[in-house]
Each structure stands twice: as C-alpha cells, then as structure tokens.
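A.B. asks: curious how this folds, go ahead:
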Amino acid sequence: MKAKHVRRIAWVAGIGLSVATVSTALLMPEQFLQAEFARLRWLAGADIQKKTVADHRWVYLQAGFGDENSSQKPLVFLVHGYTGSKENWLLVMRELGRKYRVVAPDLPGWGETTRLENADYGVVAQSERLAEFMQSFGETPGILVGHSMGGHISGLLAARHPELVSKLVLMSAAGVEFEQNEFARSVLKGGNPFEVKTRDQFHAQMRLVFTEPPFVPWPFDEAMVQRRRRDAAFEAKVLDSIGRGPEVIALQSEMEKIRSPTLLLWCKDDRVIDVSSVPIFQAGITGSQALILEGCGHMPMMAKPKEVADGIENFLQ
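C.D. replies: Have a look, this model is predicted:
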C-alpha cells in the first residue's frame, strides 16, 4: 500500500475516533467524570465499598486497608460538606493512606448514598447517622475529620457521643457565628450562592471556594452540572435547614461538651466560612489548636492536600 494511502486511512480513522469521542462526551459526559474519579482512586490506592447503616445504603471510599499491617493503622473518617462528595477527599487520602486506614463516605442523601423521601438531612439527624456508621466498623473511638457542613455534623457527634471520637479535626467548619461575609448575607436573604444549574454557575462556585480555581474542562464540568441540576431541589431544602433554620449554629451551644483533642484547620482566605470562626471555636473547645493555611479558600483538602495531610498527621502524632 502506498504511503499516501496509509496516511489517508490514518487521517480518516483519526477523524472518526475524534467524532466518536466528541459524540460520547456530548451524550454521556458522566462517563468521562467517572473515568477521572477512577484514575484518582488508583493514585490514592482507594476502592469503593458499600454497607447499609441507619436505614441508608452508604457508599464510601477506603484507603490504607490493603497491606499486611493495616490492622495496626489508626482509623480516620473524612466527612464532606454541603454539595460535596467522598471524592473531595481523594487527594488527601493519597497522602494519609500510607499511615492510616481512611474512610470517606457520601453522607446520606448525597452522592451515591441513599436519599429517602421526606427524611431529615439536617446536621443533627446526620450526626446520629454518622455515629452509627462509625460504630459499624467496630473500632471506636475513631479519628474524625469534618469539612464545612461535615465539620458541623462531626462537631455535634463529638459533643453528643464523646466515646466515639478519639481526636477531632474541624476543617472550615460551619456551626458557629462568624463575621458576616457576602456568602452569609446572601444565604440569610434566601439566596443560594452554591446553586449550579449551568456551566457558568459551576465555574462561579469554583471561583467562590478556591482562590485559584482548578482547570475543569468540558465535558467534566458538564457532567458536574448535570449532577447538580438533578440535586437542585434537595440542595435547596438542606440549605433552608443548615443555613437559615434553627440548626444554623447548633454546634455553638454544644461545643463545650467536646472532650476530644481538636484541631481547627482553616484557610485564611475562606470566603464561605470566614476564618473569624476559629477564635469562637477556640473559646468553646478547651485546648483546641488552630492551623491557618495561606493561599487557599474553602476547599483546603483539594487546594493544599499535602499541607492538609501534613497538618492532620502532625496533630495526630
């Protein structure tokens, strides 16, 4: 076969492959997102597990369980925030999984874990479900790390079930008063700065929670938008409870009951839960210590995974 014919066939095949790839991305962007999550799980040495606890089928990631000495590793639970998921923790799991067994669930109602119609998914109800989930591993007390709404839930759990928590990390945690910022004022007026129904709104949220937003190209952003669009009504209902309802600062009145050694881990430039929360927590949780990171916003575990993992490890040791 002549060389020019070979080149022509290769060119046509390449065009066909490109068209097929674009068509798949247009019709099934979720497949591209799942492939990226699979890549990150492989890098973190994490796998997906499932169990039924507290009337919900929990889907969670675990890492650090595979080697012959894994039973000697401390057990760490990582709890995501509002509109978040277990995948938010994959970069930190890659770091912590070397020395710890790490479990990161989708909270009930979120991600791949069951959502029950008319169930209460406020922070108090979720703290009780999370307590049952931790107990299901049969190794309490455990180390508990909660981010944002997950920090509020984790703090309530530590206050109400101190026997379950050996050490606590509250990361950019909700649950106490702080100096009102634009985000808080919008929520209190009935808005939802986290609402995502379009790609523009998705990238606006990225700019809100990151000081330097990561590059999220199409079709990955489209897959995230489709997920968030499906969850819009649920997200709005939860925000009414945790952002404007009676549970907004539920932790503030109970945090003095926390007896676990506690690390408050924040980013200085958090534009969602202002860093002014930290002295409030320090005043209420005896002996708590703070680690404030520079150059990041509301998602320290994704923006600064190595620094976050090192900070947690230093605290645990």
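
A.B. asks: what ranges does the stretch 201-317 of the chain have for its helices?
C.D. replies: With DSSP state H, counting those that start in this stretch as the criterion, the stretch 201-317 of the chain has helices at 220-230, 232-239, 277-284, 300-303, 305-316.

A.B. asks: who touches the longest one?
C.D. replies: This means helix 305-316. Residues from elsewhere that reach helix 305-316, judged by CB atoms under 8 Å, 6 or more residues apart in numbering: 74, 76, 91-92, 94-96, 99-100, 143, 145, 167, 169, 171, 261, 263, 265, 289, 291, 293, 300-301. Any C-beta I mention is one placed from the backbone N, CA and C, and that applies to glycine too.

A.B. asks: one more time with 10 Å, if that's ok
C.D. replies: Outside of helix 305-316, the residues within contact range by CB atoms under 10 Å, 6 or more residues apart in numbering are 74, 76, 78, 89-100, 143, 145, 147, 166-169, 171, 261-263, 265, 267, 289, 291-296, 299-302, 304.

A.B. asks: among those, which are in strands?
C.D. replies: 76, 78, 143, 145, 147, 166-169, 171, 262-263, 265, 267, 289, 291-293 (DSSP state E).

A.B. asks: pick out the residue closest to the middle of this protein.
C.D. replies: With distances taken as CA atoms, centre = their mean, the residue of the chain nearest its centroid is His80 (2.9 Å).

A.B. asks: where does it land on pLDDT?
C.D. replies: In this prediction, His80 carries a pLDDT score of 98.

A.B. asks: I figured Met261 hits Pro162, correct?
C.D. replies: If you look again at residue 261, you'll see it is Pro, not Met. No: the pair Pro261 / Pro162 is not scored as a contact, 11.6 Å apart, by CB atoms under 10 Å.

A.B. asks: intersection of neighbour lists for those two?
C.D. replies: Leu168.

A.B. asks: mind checking which of these two has more residues around it?
C.D. replies: Pro261 (18 against 15; other CB atoms under 10 Å).

A.B. asks: what's near enough to touch that one?
C.D. replies: For Pro261, the contact set (CB under 10 Å, 6+ apart) comprises 143, 165-169, 285-289, 315-316.

A.B. asks: at 7 Å what do you get?
C.D. replies: Going by CB atoms under 7 Å, 6 or more residues apart in numbering, Pro261 touches 167, 287.

A.B. asks: same check on Ala223?
C.D. replies: By CB under 7 Å, 6+ apart, Ala223 lies in contact with 29-30, 32-33.

A.B. asks: what about this protein, any weak spots by pLDDT?
C.D. replies: For the chain, the stretches with pLDDT under 70 are 1-28.

A.B. asks: how many neighbouring residues does Val92 have?
C.D. replies: There are 27 residues near Val92, going by other CB under 10 Å.

A.B. asks: ok so, going back, including distance to Pro108, could the helices of the stretch 201-317 of the chain go into CSV?
C.D. replies: Shown next, in CSV, are the helices of the stretch 201-317 of the chain (distance: least, CB to CB, whole Å):
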stretch, distance to Pro108
helix 220-230, 17
helix 232-239, 11
helix 277-284, 25
helix 300-303, 21
helix 305-316, 24
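
A.B. asks: the closest residue in space to Val209 that isn't next to it in sequence - how many residues pack around it?
C.D. replies: In space, and not counting its chain neighbours, Val209 is closest to His298: 4.1 Å by CB to CB, 6 or more residues apart in numbering. Using other CB under 10 Å, the number of residues around His298 comes to 25.

A.B. asks: contacting residues around the helix or strand Glu30 falls within?
C.D. replies: Element membership for Glu30, per DSSP states H and E: helix 29-44. Applying CB under 7 Å, 6+ apart, the contact partners of helix 29-44 are 24-25, 47, 61, 63, 87, 90, 93-94, 97, 219-220, 222-224, 226.

A.B. asks: can I have the buried ones of those residues as a ChimeraX selection?
C.D. replies: In ChimeraX, this line selects whichever of the contacts of helix 29-44 come out buried by 16 or more other CB atoms under 10 Å:
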select :25,61,63,87,90,93,94,97,219,220,222,223,224,226
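
A.B. asks: His152: which of the contacts of helix 29-44 is nearest?
C.D. replies: Closest to His152 out of those is Glu87 (20.3 Å), distances taken as CB to CB.

A.B. asks: measure that closest one to Val124 for me?
C.D. replies: Distance, Glu87 to Val124, using CB to CB, to the nearest Å: 26 Å.

A.B. asks: again, but for Arg57
C.D. replies: For Arg57, the distance to Val124 equals 22 Å [CB to CB].

A.B. asks: so Ser276 sits against Glu179, correct?
C.D. replies: Yes: between Ser276 and Glu179 there is a contact at 4.2 Å, judged by CB atoms under 7 Å.

A.B. asks: these two: which has the busier surroundings?
C.D. replies: Set side by side, Ser276 and Glu179 show more neighbours around Ser276, with 15 against 10, by other CB under 10 Å.

A.B. asks: separation between that one and Val176?
C.D. replies: Counting by CB to CB, the gap from Ser276 to Val176 is 10 Å.
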